[in-house]
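Colleague: Have a look; sequence and predicted model below, questions after that.
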Amino acid sequence: MVGERRPVWAFGGPRRIGPAEARLAARAARLLLDRGAEVVCGCATGADAAFMAAASDIDAERLQVCTAFGPVRATPGVAPAAPGACGHSAVRAVQLAAAAGAVVQPWAGGGPALPLAARLARRTRVVARASTAGAVVWLRPRSRGSLLLARAIAARGLEVVAVPLGCLPADLPPLDGAGSWRPPRSGSLAMELGGWCWAPAQRRLRV
């Protein structure tokens, strides 16, 4: 169950993905849960939804979902809906995760009075704060939400594993002005996902 002093890993990825990327998101969920971690993610279609579905199937009680919309409303014969949801909101996936036993935090980015963009950014920061170990992110050259998550995690000194999508590792965006992306170590989580690891710059020693 979330909160039992297990390491907590965050996950983030793009809203539009293909079958191969969906399988990779599911693999990330499986690898993290197999390592005894809890996981936390957002509520978007695409990578979040694939990750959420896989984690729910494996052990929903170790999954936390932070949404930028309100509680999901289920009406028989009608697709589930939620106040504040948009076309990229994985409302059905969130409903299924909650039914399986996941912890769902509605309005994690603030209430309906906030603009959607602000709610999404704040929701991403809530996901980052929930992590205690690091984040696995899918990064594209123009990633926004995933990059925000990665930078928030790196700023806390936690591990960031980035899987490049549609770009070379050399094209991964930096997380700050001093660190760099490094190839994964043999046998590491990053190696199993085909990801790269963020290495913050070494602090200069005071003499």
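Modeller: Everything's here; your move. As the structure is a prediction and not an experimental result, all values here were calculated from the model.
Colleague: quick one, what contacts the nearest residue to Gly42 once chain neighbours are set aside?
Modeller: Nearest non-adjacent residue to Gly42, counting by CB to CB, 6 or more residues apart in numbering: Asp48, 4.9 Å away. From N, CA and C alone the C-beta is placed, and that goes for glycine too. Going by CB atoms under 8 Å, 6 or more residues apart in numbering, Asp48 touches 11-13, 15, 41-42, 90, 93.
Colleague: What about the residues you listed, which are in strands?
Modeller: If you go by DSSP state E, the contacts of Asp48 have 11-12, 41 in strands.
Colleague: For this protein, just list every one of the helices.
Modeller: Remark: helices assigned in the chain by DSSP state H are 19-34, 47-59, 91-100, 116-130, 145-155, 189-193.
Colleague: What mean pLDDT does stretch 14-24 get?
Modeller: Averaging pLDDT along stretch 14-24 gives 93.
Colleague: cool, and stretch 137-144?
Modeller: The average pLDDT within stretch 137-144 is 87.
Colleague: next one: stretch 178-185
Modeller: 92.
Colleague: distance between it and the chain's centre?
Modeller: How far stretch 178-185 lies from its chain's middle: 20 Å, per CA atoms, centre = their mean, to the nearest Å.
Colleague: burial of the residue lying closest to Ala98 once chain neighbours are set aside, as a residue count?
Modeller: Nearest residue to Ala98, sequence neighbours excluded (CB to CB, 6+ apart): Val104, at 4.7 Å. Other residues within reach of Val104, judged by other CB atoms under 10 Å, total 19.
Colleague: Please name the bridge partners of Val104.
Modeller: Val65 (DSSP bridges).
Colleague: I figured it hits Thr67, correct?
Modeller: Yes - using CB atoms under 8 Å, Val104 is in contact with Thr67, at 6.5 Å.
Colleague: Name the residues contacting each of those two.
Modeller: Counting by CB under 8 Å, 6+ apart, the residues touching both Val104 and Thr67 are Val94.
Colleague: hang on, the earlier thing: to Pro200, which of the helices of the chain lies closest?
Modeller: helix 145-155 (6.7 Å; CB to CB).
Colleague: and the angle for the closest one with helix 116-130?
Modeller: Angle, helix 145-155 to helix 116-130, by axes from the mean of the first three to the mean of the last three CA atoms, to 10 degrees: 40 degrees.
Colleague: Give me the distance from helix 145-155 to the chain's centre.
Modeller: With CA atoms, centre = their mean, you get 10 Å for helix 145-155.
Colleague: Show me what the least confident helix or strand in the chain by mean pLDDT pairs with in its sheet, parallel or antiparallel.
Modeller: Every helix and strand in the chain was compared by mean pLDDT, DSSP states H and E; the lowest is strand 73-75, with a mean of 83. As defined by DSSP bridges, the strand partners of strand 73-75 come to strand 78-81 (antiparallel).
Colleague: who's in contact with Ala25?
Modeller: 11, 13, 17, 47, 50-51, 54, 138.
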